[in-house]
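> Prediction below, plus the sequence it came from.
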Amino acid sequence: MLGASPDYRVSIDRDMLEEVDGPMVRHGIQEMHGRTIVLPRRVADRPDRELLAWRRERFGDR
């Protein structure tokens, strides 16, 4: 349903983007699509770009 790319952009599943279920889905989930996540200040706490790339290669952009 939700993923992050190696450049820290949020991607939402196509089916979820087309869902019409009310304001929580629209404002809480769908509007996140394409946004950049806020990263922790400490580099050690940030998501690993290589692992995000691996996940995307393995599971696609779902």
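Yep, that arrived.

> Which per-residue confidence value corresponds to residue 16?
Looking at residue 16, its pLDDT reads 89.

> what do you get for residue 59?
pLDDT for residue 59: 78.

> In space, what's closest to it - neighbours in sequence excluded?
Among residues not flanking residue 59 along the chain, residue 3 sits closest, at 7.6 Å (C-beta to C-beta, 6 or more residues apart in numbering). In this view, the C-beta of every residue, glycine as well, is placed from N, C-alpha and C.

> ok, the one you found - how many residues close by?
Residues within reach of residue 3, counting by other C-beta atoms under 10 Å, total 16.

> Over to residue 12?
Residue 12, neighbours per other C-beta under 10 Å, totals 21.

> what is it paired to in the beta sheet?
Counting by DSSP bridges, residue 12 is bridged to residue 2.

> ok, residues contacting stretch 40-58?
3, 4, 5, 6, 7, 8, 37, 39 (C-beta atoms under 8 Å, 6 or more residues apart in numbering).

> Kindly recompute the last result at 6 Å.
By C-beta atoms under 6 Å, 6 or more residues apart in numbering, the residues outside stretch 40-58 that reach it are 4, 6, 39.

> just checking, what's the longest helix in the protein?
helix 49-59 (DSSP state H).

> gap between the residue nearest to residue 59 and residue 42?
Remark: distance between residue 3 and residue 42 (C-beta to C-beta, to the nearest Å) = 23 Å.

> Likewise for residue 1?
Separation of residue 1 from residue 42 (C-beta to C-beta): 28 Å.
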